[in-house]
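In: structure, please.
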Amino acid sequence: MKTFFDSNLARSSRARFLIALVTATAATAAVASQAALATPPARIAPSSMDRVDPRVVKDSTEAQHGDTRVRVIAYGNDAEAALRRSGATGVKKLDLIAGASGLVRADAVNAVLDDSGVSYIASDAPVQLNGASTPALSPVALESELQNLYPEVDGATDAWSSGIDGTGVGIALIDSGVADLPDFKGRLTNVTFDTTIPKDGDAYGHGTFVAGVAGGRTSDARYIGVAPGARLFALDVERDGTVHTSDIITALTWVANNHTNLGIHVVNLSLSESTPSSYRTSALDVAVEAVWRAGVVVVVSAGNLGANQVNFAPANDPFVITVGSSDTNSTSSTTDDVQASWSSYGTTADGFSKPDMLAPGRGIISAVTAGTTLDRIAPAENHVEPGYLRMNGTSTSAPQVAGAVALLLAQRPGLTPDNVKWLLRKTARPVAGAAPALAITAALAFSGDVGTANDGLFASSGLPATLDPARAPSAATWGHTAAEYESIKAWAKAGDAWGKAGELWGPMLFNAAIANHNAAADWMLARQFDRAADFERLAAGNWSRLGSPEGAGIAWELAADAGMRKGDFALAATSFESAARAWTKAGGSDRASASWQRAADAWKRKPDPSRAALAQANVAATWNAAATWNAAATWNAAATWNAAATWNAAATWNAADIWG
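Out: From the prediction side, this is the model:
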């Protein structure tokens, strides 16, 4: 998902500041349509607001016609029948979460809510995509033939030399499908679990690449995945270039129902939802936790959005193993490994540090079928030889951990998912300033008592959170009220309502920051720039206390922009200075320099020559420091290509997006 920053009101009659860290939140996201509703759907009754996801409210409100279809997931003891009674199409039963999904007319959402068989309606959010046993492999052959560094860095080569290759363990790959290549000969099963998804093998190519990393093996031993003896089960969830939460849940349901008979012990999800959420309110997180409790280890990719971007399901779930990417610096030594700059990391809205561990994610080579989307969009220099492609991303890191789980369970078949997570974390090697890295050799050699992870965690319900019963319901109500005012372009009233929501969210800093930012955006549209600046300053404080200097930097820039529009150059200058300090703390020296320069310009317009000179001096110092950071100068597509970020590789070519 490509995010951006735009403070030019003239570009749109409904322009809003888009925070690069967060584009939506399940608790507060509601932006009204710019166009008049030709045949508007019925408004959702205020009494029902606590039983419907704000994203569904937004989608149904923005519908141009009442017959526009909205993708929903309904919970309840008779959810499937209720959706059918409402005239929904594409209805699927989701046993794993005691619900059903379907496409509901915007003007029929109320009817679904009124049905006694439904307790709650969530959004069916779009999702982004981020197989006979073999003999033990000779260490001599590995040293001379292997074209990837990651098997050695991870410690997989030591396992192979000991005769452990994942034989007897099944890995489920929920992705875009897997092509039946010689790399998977005799070990691949393409599963039919949803007859509405076209059977195309893998027209995109992402799933085949992931499968190669988890358990591929070429006859010449040049390209070998972590668990080359494991059986692979491919579940294709991609339909015409799109994936939705309900598709993933349907695939997970199949895994939960069939894992015992087929020997599936680990599932890999190199994908994530496109809108942030709390794990407590996510239908996808309910599903992955159900599979975990059923006895299957769930491994997911962290995402490729950088710092403080860990609120996307299923990577935000505290139960599963979330995997980020390390950069090996093209050496087999682990002493120079660092966290990849684009790998998502941080603290979730529910207070959990993610990812749980790292695995190599830069310059990974794996299989790709000629003519697939991935094959066609990759630059020529990324095609290392026919049928093999070099790619970056946490999508390539997660299957390494999934393969490691297969190796561990081949050695110790009695371990539970909580045992596996504990052991992998316990034996992981440290990486400076980041999550620890996968260390298969140490995990297999561990001889002590194996503990359990996830003790004391609360399972997701998928329903609205009541983390603070005295505040959350009222705050959510004010958010809904703000959305209603936005729908009629009553910007000042909407801004006031968002402000009340932000105040009530209080210590729930993530929600408070979003509410305060939305308040500022509405006050900008009301052209009350002083109020806009006030609320962006509040948002900056929320982000700072949340430990997100990037969020604070963006909020301070927006506050400064409001000051410039008001003509209050002192306010603008001091806000730009605060932004510069935040960006410096975040490590974004180029962005900090730009803010210092704008502060100097604002002081000149004040005018205050002495303050301008001080700010200008910081610009020179910052730029001198920035000159030593040459990532942008040396960037090339082959070195940094990251196709997994958005399930749309063309949107990920701009490496400079690391700093906006």
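In: okay, residue 357: pLDDT?
Out: Listed pLDDT for residue 357 reads 97.
In: same question for residue 122.
Out: For residue 122, the model assigns a pLDDT of 89.
In: right, and it touches residue 283 too?
Out: Yes: the criterion here is C-beta atoms under 8 Å, and residue 122 meets it with residue 283 at 5.2 Å. (Each C-beta comes from the backbone N, C-alpha and C, glycine too.)
In: hey, what's in contact with both of these two?
Out: Here residue 122 and residue 283 have 73, 462 as joint contacts, going by C-beta atoms under 8 Å, 6 or more residues apart in numbering.
In: stretch 541-548: which residues count as buried?
Out: 541, 542, 543, 544, 546, 548 (16 or more other C-beta atoms under 10 Å).
In: ugh, wrong one, I meant stretch 414-431
Out: 415, 417-429, 431.
In: likewise for stretch 235-245?
Out: Of the residues in stretch 235-245, those buried (16+ other C-beta under 10 Å) are 235, 236, 237, 238, 243, 244, 245.
In: cool, stretch 362-379 as well?
Out: 362-369, 372-375, 377-378.
In: how near is residue 124 to residue 246?
Out: Per C-beta to C-beta, to the nearest Å, residue 124 is found 5 Å from residue 246.
In: what is in contact with these two at once?
Out: Counting by C-beta under 8 Å, 6+ apart, the residues touching both residue 124 and residue 246 are 71, 73, 101.
In: tabulate these (JSON lines), appending neighbour count and distance to residue 63.
Out: Output for the shared contacts of residue 124 and residue 246, formatted as JSON lines (neighbours: other C-beta atoms under 10 Å; distance: C-beta to C-beta, whole Å):
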{"residue": "71", "neighbour count": "21", "distance to residue 63": "12"}
{"residue": "73", "neighbour count": "29", "distance to residue 63": "18"}
{"residue": "101", "neighbour count": "28", "distance to residue 63": "18"}
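In: looking at these, spot the one nearest residue 229.
Out: residue 101 (36.4 Å; C-beta to C-beta).
In: so the closest one sits in a strand?
Out: Yes: inclusion of residue 101 in a strand is indicated when DSSP: H, G, I helix; E, B strand; the rest coil is applied.
In: number of nearby residues for the residue nearest to it when sequence neighbours are not counted?
Out: Among residues not flanking residue 101 along the chain, residue 246 sits closest, at 3.5 Å (C-beta to C-beta, 6 or more residues apart in numbering). When neighbours are counted by other C-beta atoms under 10 Å, residue 246 registers 29.
In: got the contact list for residue 246?
Out: 71, 73, 92, 94, 101, 124.
In: quick one: contacts for the third one?
Out: Spelled out, that is residue 92. 100, 101, 102, 194, 246, 250.
In: hmm, which two among the buried residues of stretch 235-245 are most spread apart?
Out: Across the buried residues of stretch 235-245 (C-beta to C-beta), the longest gap, 15.9 Å, separates 236 and 245.
In: low-scoring pLDDT stretches of the chain, where are they?
Out: 1-43, 45-47, 64-66, 130-144, 463-476, 506-507, 620-660 (pLDDT under 70).
In: in it, which residue is closest to the centre?
Out: Nearest to the mean C-alpha position of the chain, counting by C-alpha atoms, centre = their mean, stands residue 312 at 3.9 Å.
In: quick check: beta-bridge partners of the closest residue in space to that residue that isn't next to it in sequence?
Out: What sits nearest to residue 312 in space, not counting adjacent residues and going by C-beta to C-beta, 6+ apart, is residue 272, at 4.3 Å. Here residue 272 sits in beta bridges with residue 128, going by DSSP bridges.
In: could you give the number of residues near residue 272?
Out: 35.
In: residue 171 sits in which helix or strand?
Out: strand 170-175 (DSSP states H and E).
In: over to residue 157?
Out: helix 156-161.
In: off-centre distance for that helix?
Out: 32 Å (C-alpha atoms, centre = their mean, to the nearest Å).
In: check stretch 176-184 too.
Out: The answer for stretch 176-184 is 26 Å, by C-alpha atoms, centre = their mean.
In: got it, and stretch 588-608?
Out: Counting by C-alpha atoms, centre = their mean, stretch 588-608 comes out at 33 Å from the chain centroid.
In: so which bits of that stretch are buried?
Out: So stretch 588-608, judged by 16+ other C-beta under 10 Å, has buried residues 588-604, 608.
In: tell me which of the buried residues of stretch 362-379 fall in strands.
Out: 364, 365, 366, 367 (DSSP state E).
In: make a markdown table from those residues and add distance to residue 617 to it.
Out: A markdown table is the format used below for those (distance: C-beta to C-beta, whole Å):
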| residue | distance to residue 617 |
| --- | --- |
| 364 | 44 |
| 365 | 48 |
| 366 | 50 |
| 367 | 54 |
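In: residue 585: how many residues sit nearby?
Out: 14.
In: excluding its backbone neighbours, what's nearest it?
Out: residue 549 (4.2 Å).
In: list the contacts of the one you found.
Out: Here residue 549 is in contact with 543, 582, 583, 585, 586 (C-beta under 8 Å, 6+ apart).
In: kindly reformat the buried residues of stretch 362-379 as JSON lines containing distance to residue 462.
Out: Shown next, in JSON lines, are the buried residues of stretch 362-379 (distance: C-beta to C-beta, whole Å):
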{"residue": "362", "distance to residue 462": "35"}
{"residue": "363", "distance to residue 462": "38"}
{"residue": "364", "distance to residue 462": "34"}
{"residue": "365", "distance to residue 462": "38"}
{"residue": "366", "distance to residue 462": "34"}
{"residue": "367", "distance to residue 462": "36"}
{"residue": "368", "distance to residue 462": "36"}
{"residue": "369", "distance to residue 462": "36"}
{"residue": "372", "distance to residue 462": "34"}
{"residue": "373", "distance to residue 462": "32"}
{"residue": "374", "distance to residue 462": "32"}
{"residue": "375", "distance to residue 462": "37"}
{"residue": "377", "distance to residue 462": "35"}
{"residue": "378", "distance to residue 462": "37"}
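In: looking at these, which one is closest to residue 514?
Out: residue 362 (32.2 Å).
In: related to what we said a few turns ago, restricted to strands, list the contacts of residue 246.
Out: 71, 73, 92, 94, 101.
In: tell me which of those residues is nearest to residue 256?
Out: residue 94 (11.3 Å).
In: any idea which helix or strand carries the residue lying closest to residue 538 once chain neighbours are set aside?
Out: Nearest residue to residue 538, sequence neighbours excluded (C-beta to C-beta, 6+ apart): residue 516, at 4.4 Å. Here residue 516 sits within helix 509-525, counting by DSSP H and E.
In: helices and strands around that helix, which ones?
Out: Here helix 509-525 touches helix 472-487, helix 491-505, helix 529-545, helix 549-566, going by 3 or more C-beta pairs under 8 Å, 6 or more residues apart in numbering; DSSP states H and E.
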